[in-house]
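Participant: One predicted model, sequence on top.
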Amino acid sequence: DETLEYPGHRGAVRFAAFSPDATSIVAGGHDGSVILWDTWKQTPLRTHHEHTDLVWEVAVSPDGRMVASAGADGVIVVWDLETDQKRRLTGHLNRFTSTRGVLSLAFSPNNEKLASGGADRMIRLWDLVSGQEIATLSGHTDEVRSVRFSQDGSEIVSAGRDRTLRLWDVATRKCLGTIKAASRTLNSVAFGPSGKTIFSASFEGTVKAWDYSSFKADVFWMSDRPHDLTTSPDGKLVAVCANSEASLVVWKPSASDAGQSVRIPLTEPADSLAISCDYILAIRLASGKVQTCDLATLVNNPWPDSSTADHMSPETIPHESPVEYEFDGETKPRSSLAFSTDGRLLFIGSLNDTIVAMNVDSYAIDGRYQTESAHVLSIDTANENVFALLDNGEFVTWEIPTRQEERLRANPNPKKPGSAFYTRFSVLDEKLA
């Protein structure tokens, strides 16, 4: 496949993370490089090439001063952004890490420690002042895929290929609990905002919320192929869909527990979602139809007793179906959805070179935004602007009132549309944090 080289990575980007103030983004690539970008100017600020293999994960310290990268070469590089000094941590280098290396990283909330999980089945704890390994937490019987600190830094939660979720006391280095959390590899884990809930995601297609005290789980999403995830602007509702199931799940996060979820039946699988400030859910079905569903009742009224909301049938709205387009060997209509900030307009981006702005109340066409023979992969809005990522590598912005357009070449590999999903998931993670 053709790879576009824009000042930065040569090849796929494996992981990216925002700085605490969101003014910069750090990304790790398959080329072994780690690049710090200016978020708004979309230009690279600094780069290092300390790794000899791909970078699995990057993390930014809570104070924004350090960046850590986990490499398949078994090396952790801690990059001090103030001094530009780089420190190499090599504790994971052994016979188990010849092909996978270090898989996950997390800074402690006080910026003093770094936790790492690797293919050597170990969790290693590092002192960032001395650069020394201060503890090894053993117990996993296969790769450690994800590690995260609790909000107060007193505990670490880990998840691995051995399908277990483990909780560790940082001070005593002891395992506080172990649970078989999935039937397949656990790929990601995190503490909820209150510290009373632990979230896990696995290759079996489940996202589970675990009660901290009992280690009992609430499965609020399960699918073979989760496809899109979106949040309401205020973060009160989350919607998830899969392109293998004719339903979607709406979840109401809670600061004190796992939250509540309900499944909404559809007539066919969905592949794109958006929620307005008024809690109108827009759904793009696999056939190209667009439907809407009012979710306000889930915010303003008691949560439904049933796990399935059969009464919340989405309504199909008239619009121009997108043309079919061959994409990564698959021929089907695709589009992306986004609401304007005030919720008045729904933007429908498709692979027919056009973004249509539709009035949510009347379904009337409010305007069209042409992309000049480039197909729309993903769209979003902010303030009075609509943004589009195109398959020719361009990033386009329009002012909604004036339709004034600006184009930037900013995407190194536009043929990987999954990046839009991971960006949205990162935004959700920021909301929950």
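Facilitator: Cool, got the structure. Numbers count the residues shown, from 1 in each chain.
Participant: For the rest of this, base every contact and every neighbour count on C-alpha atoms.
Facilitator: Noted.
Participant: mind listing the strands for the stretch 1-150 of the chain?
Facilitator: 13-18, 24-29, 34-38, 43-48, 55-60, 66-71, 76-80, 86-89, 102-107, 113-118, 122-127, 133-138, 144-149 (DSSP state E, counting those that start in this stretch).
Participant: could you check the angle strand 66-71 makes with the first one?
Facilitator: Orientation check (axes from the mean of the first three to the mean of the last three C-alpha atoms, to 10 degrees): strand 13-18 against strand 66-71 gives 160 degrees.
Participant: Show me the shaky parts of the stretch 101-250 of the chain.
Facilitator: 193, 215-227, 243 (pLDDT under 70).
Participant: repeat that for 90
Facilitator: Per-residue confidence for the stretch 101-250 of the chain (pLDDT under 90) gives these ranges: 101, 120, 151, 177-250.
Participant: Of the strands of the stretch 1-150 of the chain, give the one that comes closest to Asp278.
Facilitator: strand 13-18 (27.8 Å; C-alpha to C-alpha).
Participant: Parallel or antiparallel, which strands does the closest one pair with?
Facilitator: strand 24-29 (antiparallel) (DSSP bridges).
Participant: Any buried residues in the strand it pairs with, and which?
Facilitator: Across strand 24-29, burial judged by 16 or more other C-alpha atoms under 10 Å covers Ser24, Ile25, Val26, Ala27, Gly28, Gly29.
Participant: Quick check, the first one in contact with Lys41.
Facilitator: No - applying C-alpha atoms under 8 Å as the test, Ser24 and Lys41 come out as separate, 9.5 Å apart.
Participant: hmm, back to that, same list, the strands of the stretch 1-150 of the chain, but as TSV with distance to Ser276 please.
Facilitator: Output for the strands of the stretch 1-150 of the chain, formatted as TSV (distance: least, C-alpha to C-alpha, whole Å):
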stretch	distance to Ser276
strand 13-18	24
strand 24-29	26
strand 34-38	28
strand 43-48	31
strand 55-60	31
strand 66-71	35
strand 76-80	39
strand 86-89	44
strand 102-107	33
strand 113-118	38
strand 122-127	41
strand 133-138	44
strand 144-149	31
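Participant: So which of those strands is nearest Pro269?
Facilitator: Closest among those, using C-alpha to C-alpha: strand 13-18, at 27.6 Å.
Participant: what sits against Gly195?
Facilitator: Shown in contact with Gly195 (C-alpha atoms under 8 Å, 6 or more residues apart in numbering): Ser150, Gln151, Tyr212.
Participant: Kindly apply the preceding question to Leu237 instead.
Facilitator: Taking C-alpha under 8 Å, 6+ apart, we find Leu237 in contact with Thr231, Val250, Trp251, Lys252, Pro253, Val299.
Participant: what's the closest non-adjacent residue to it?
Facilitator: With sequence-adjacent residues excluded and distances taken as C-alpha to C-alpha, 6 or more residues apart in numbering, Leu237 is closest to Lys252, at 4.8 Å.
Participant: I'd like to know how many residues surround that neighbour.
Facilitator: 19 (other C-alpha atoms under 10 Å).
Participant: That one and Asp234 touch, don't they?
Facilitator: No - look at Lys252 against Asp234 with C-alpha under 8 Å: they stay out of range, at 11.4 Å.
Participant: I'd like to know which of the buried residues of strand 24-29 is nearest to Asp305.
Facilitator: Ile25 (41.9 Å).
Participant: beta partners of the closest one?
Facilitator: Phe18, Trp37.
Participant: That one and Val34 touch, don't they?
Facilitator: No - between Ile25 and Val34 there is no contact under C-alpha under 8 Å: 10.4 Å.
Participant: what sits against Val238?
Facilitator: Leu229, Thr230, Thr231, Ser232, Val250, Trp251, Lys252, Pro253.
Participant: what secondary structure does Val299 sit in?
Facilitator: At Val299 the chain is in helix, as set by DSSP: H, G, I helix; E, B strand; the rest coil.
Participant: same question, Tyr369
Facilitator: Quick answer, by three-state DSSP: Tyr369 is strand.
Participant: got it, and Arg173?
Facilitator: Under three-state DSSP, Arg173 comes out as coil.
Participant: Can you tell me, leaving aside adjacent residues, what's nearest to it?
Facilitator: Nearest non-adjacent residue to Arg173 (C-alpha to C-alpha, 6+ apart): Leu137, at 6.6 Å.
Participant: is it true that Trp251 touches Gly235?
Facilitator: No - look at Trp251 against Gly235 with C-alpha under 8 Å: they stay out of range, at 10.4 Å.
Participant: Comparing the two, which shows the higher neighbour count?
Facilitator: For Trp251 versus Gly235, neighbours defined as other C-alpha under 10 Å are more numerous around Trp251 (21 against 15).
Participant: Could you look up the SS state of Ser336?
Facilitator: At Ser336, secondary structure determined by three-state DSSP is strand.
Participant: Could you double-check that Val157 sits in contact with Asp169?
Facilitator: No - under the criterion of C-alpha under 8 Å, Val157 makes no contact with Asp169, lying 9.1 Å away.
Participant: Now the common contact residues for those two.
Facilitator: The contact sets of Val157 and Asp169 do not overlap (C-alpha under 8 Å, 6+ apart).
Participant: Tell me which of these two has more neighbours.
Facilitator: Shown here are Val157 and Asp169; by other C-alpha under 10 Å, Val157 has more neighbours (24 against 16).
Participant: got the contact list for the more buried one?
Facilitator: By C-alpha under 8 Å, 6+ apart, Val157 lies in contact with Val147, Arg148, Phe149, Ser150, Leu165, Arg166, Leu167, Trp168, Val189, Ala190, Phe191.
Participant: Neighbours of the closest residue to the first one other than its chain neighbours, how many?
Facilitator: So the one you mean is Val147. Spatial nearest neighbour of Val147, chain neighbours left out: Ser158 (4.4 Å); criterion: C-alpha to C-alpha, 6+ apart. Number of residues near Ser158 (other C-alpha under 10 Å) recorded here: 28.
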